[in-house]
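>>> no sequence on this one, just coordinates:
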């Protein structure tokens, strides 16, 4: 009842929600642009930061790796502005305190991401910092998608259908485990792309990710398929996982098996790797949405534990 | 969280980002000022060079061969920059009639505590046709490397050393040569251009003047070597390193050949 009243308190703001969706979409564009930079080995084609060849905005001679690096910087700069706007808007119009915190957190994350991007350039792409840059990017994407979800009409106005989860491990635990293994995979993939690690940990861990995500999706679909908010992200997560495995295999063939002697990054490698990164981001965000919806619709049921002494009177 | 706190946090965040941007911009400007002109990496004053009697010096020469079928040269696609009109084949394994080019040959061991002055003349690294010339370069520690851009496009020169300082500078067309030096010995130090990802070359930094790079016919020659027992190293960017012992007497001319096989995939 209390939850219902709180939900009614928050009015749905269509423009605010649309802007949140736009920001989330823009984030995916920036992630794709960043993947293009790495795949084309163009990360240091503009040697200075925050300026680009001494200027903040001026378009340089648009050739070679500069095209990718400069475009990435510009769209990333625009995303900082978008995030500032959505954060300010949320702080002004939003009644839910935790969502205002989340919006401010989003802005802090995008600032941290910009700093990591700068450090990547100024320190000549150390694998740890470049990987952190890639990981924080996807974290920010998840936050942006979550804000879009929380500002949506369904979330604001819907009376959630709730089914308690008495199984162990609970579905919520499984979704958290899924997010964890995806993060590990993200770090392993980032380290491989930035020459800090061999390819095999990323490939081996893909089996672990597949197992955990399939387990989570099967549990969600077999037990809670009646709940649309759980069923939809579970199906999407499974579809994205299959797509991602196919893309990963293609990226492996084009980069490791066929492309290791190439004089420069070749188109099949670039296309498969960039798509692999973008779909990876979508997979992580979908899993986060699933976790949020499970937390809302399938709360964990706890048994009331009776002290041992009360269970066995003879012990007294 | 109340609205005031949110506003305050975002203001602080924005100011922090602006401050960081300004700081980074200032530091880059200072770096640019420092790097223009003199070589960036200064070396400690070297001990006086050990004198060598020119009447007794020997010569070591030879040919480096490639054993087996030479791998096909990787193709380069320069279409992403209209300013690039160079040859479209990579130079990682250059074999002509079984002779292997671009092998760096140097005296790895046997010179003891001898010291040598770095030559005053710079070594020139040219960028033309969106390729580095030469592909493999030898230089002494502290010697100046003069980097020129003869292309109608911007390059960036980015060495990725293990033991020397890393740097990354862009060089627009018709701009003055960049002069750099390397303080520590390092073999096959990769240099690349991040704007044109096929542009790669290797600088070999050694402490003695006894080094050479094989030409297209696989030949090399090291002159002025004092008599003694030496270890000669043959290093190729893809095929690895081979060492050979050689003893040279006064005024001797010794031939030391080497042969590389295709690297295991």
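The structure has been received and is ready for your questions. Everything quoted here is computed from the prediction, not taken from an experiment. Numbers count the residues shown, from 1 in each chain, chains lettered A, B, ... in the order given.

>>> how close does residue A:222 sit to residue A:178?
16 Å (C-beta to C-beta, to the nearest Å). C-betas here are computed from N, CA, C, even on glycine.

>>> swap that for residue B:195, please
For residue B:195, the distance to residue A:178 equals 40 Å [C-beta to C-beta].

>>> So residue A:272, which state does it fall into?
When classified by DSSP: H, G, I helix; E, B strand; the rest coil, residue A:272 comes out as helix.

>>> these two touch, right, it and residue A:250?
Yes. Between residue A:272 and residue A:250 there is a contact under C-beta atoms under 8 Å: 4.2 Å.

>>> With neighbour numbers in mind, choose between these two.
Shown here are residue A:272 and residue A:250; by other C-beta atoms under 10 Å in any protein chain shown, residue A:272 has more neighbours (22 against 17).

>>> Per-residue pLDDT of the more buried one, please?
The per-residue pLDDT reported for residue A:272 equals 97.

>>> Then residue B:113?
So, for residue B:113, pLDDT stands at 88.

>>> What mean pLDDT does stretch A:52-66 get?
Averaged over stretch A:52-66, pLDDT sits at 89.

>>> Out of residue A:222 and residue A:178, name the residue with the larger neighbour count.
Using other C-beta under 10 Å as the criterion, residue A:222 and residue A:178 rank with residue A:178 on top: 26 against 9.

>>> what's near enough to touch that one?
Residue A:178 is in contact with A:212, A:213, A:216, A:237, A:287, A:290, A:291, counting by C-beta atoms under 8 Å, 6 or more residues apart in numbering or on different chains.

>>> which SS state does it fall under?
What three-state DSSP gives for residue A:178 is helix.

>>> Equivalent analysis for residue B:245, please.
The three-state label given to residue B:245 by three-state DSSP is strand.

>>> What of residue B:234?
Look at residue B:234: counting by three-state DSSP, its state is strand.

>>> I'd say it and residue B:246 touch.
No. The criterion here is C-beta under 8 Å, and residue B:234 misses it with residue B:246 at 11.6 Å.

>>> More neighbours: the two, which one.
Higher neighbour count among residue B:234 and residue B:246: residue B:234, with 25 against 20, using other C-beta under 10 Å.

>>> who does that one bridge with?
residue B:105, residue B:242 (DSSP bridges).

>>> In contact with it, which residues?
Going by C-beta under 8 Å, 6+ apart, residue B:234 touches B:64, B:103, B:104, B:105, B:241, B:242, B:243, B:244, B:258, B:260.

>>> swap the cut-off to 7 Å and go again
Applying C-beta atoms under 7 Å, 6 or more residues apart in numbering or on different chains to residue B:234 gives the contacts B:64, B:103, B:105, B:241, B:242, B:258.

>>> Likewise for residue A:212?
Residue A:212 makes contacts with A:177, A:178, A:181, as judged by C-beta under 7 Å, 6+ apart.

>>> got it, and residue A:63?
Residue A:63 touches B:80, B:81, B:83, B:153, counting by C-beta under 7 Å, 6+ apart.

>>> hang on, residue B:123 packs against residue B:142?
No. Using C-beta atoms under 7 Å, residue B:123 is not in contact with residue B:142; the gap is 11.7 Å.

>>> neighbour count winner among these two?
The residue with more neighbours, out of residue B:123 and residue B:142, is residue B:142; 21 against 17, by other C-beta under 10 Å.

>>> you'd agree the more buried one is in a strand?
No. Remark: residue B:142 does not belong to a strand; assigned using three-state DSSP, it is coil.

>>> I figured it hits residue B:118, correct?
Yes. Under the contact definition of C-beta under 7 Å, residue B:142 touches residue B:118, with a separation of 4.1 Å.

>>> okay, now residue B:83: neighbour count?
Residue B:83 sits with 16 neighbouring residues when counted by other C-beta under 10 Å.

>>> same deal with residue A:162?
As a burial measure, residue A:162 scores 12 neighbours (other C-beta under 10 Å).

>>> How about residue B:100?
Residue B:100 has 25 nearby residues by other C-beta under 10 Å.

>>> next one: phi and psi at it?
Phi and psi for residue B:100, reported as degrees, to the nearest 10, are phi -100, psi 120.

>>> Report the secondary structure element holding the residue lying closest to residue B:166 once chain neighbours are set aside.
Leaving aside its chain neighbours, residue B:166 sits nearest to residue A:124 (5.0 Å; criterion: C-beta to C-beta, 6 or more residues apart in numbering or on different chains). Under DSSP states H and E, no helix or strand contains residue A:124.

>>> Could you pull up the contacting residues of residue A:124?
Counting by C-beta under 7 Å, 6+ apart, residue A:124 touches A:44, B:166, B:168.

>>> Narrow these to just the buried residues.
Buried subset of the contacts of residue A:124 (neighbour count, 16 or more other C-beta atoms under 10 Å in any protein chain shown): A:44, B:168.

>>> Let me have the contacts of residue A:124 in a markdown table, extended by distance to residue B:53.
Listed next are those as a markdown table, based on distance: C-beta to C-beta, whole Å:
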| residue | distance to residue B:53 |
| --- | --- |
| A:44 | 48 |
| B:166 | 40 |
| B:168 | 44 |
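
>>> In helices, which of the contacts of residue A:124 appear?
Among those, no member falls in helices (DSSP state H).

>>> Grab the nearest non-local neighbour of residue B:68.
residue B:262 (5.3 Å).

>>> How about residue A:96?
Spatial nearest neighbour of residue A:96, excluding adjacent residues (C-beta to C-beta, 6+ apart): residue A:10 at 5.7 Å.

>>> Now do the same contact list for the one you found.
When contacts are counted by C-beta under 7 Å, 6+ apart, residue A:10 touches A:95, A:96, A:156.

>>> Which helix or strand contains residue 108?
By default, I'm working from chain A. Take DSSP H and E as the rule and residue A:108 turns out to sit in helix A:97-122.

>>> nope, chain B please
Assessed by DSSP H and E, residue B:108 sits inside strand B:104-109.

>>> Pull the residues that contact that strand.
Strand B:104-109 is contacted from outside by B:136, B:138, B:187, B:204, B:206, B:208, B:210-214, B:220, B:222, B:230-235, B:243, using C-beta under 7 Å, 6+ apart.
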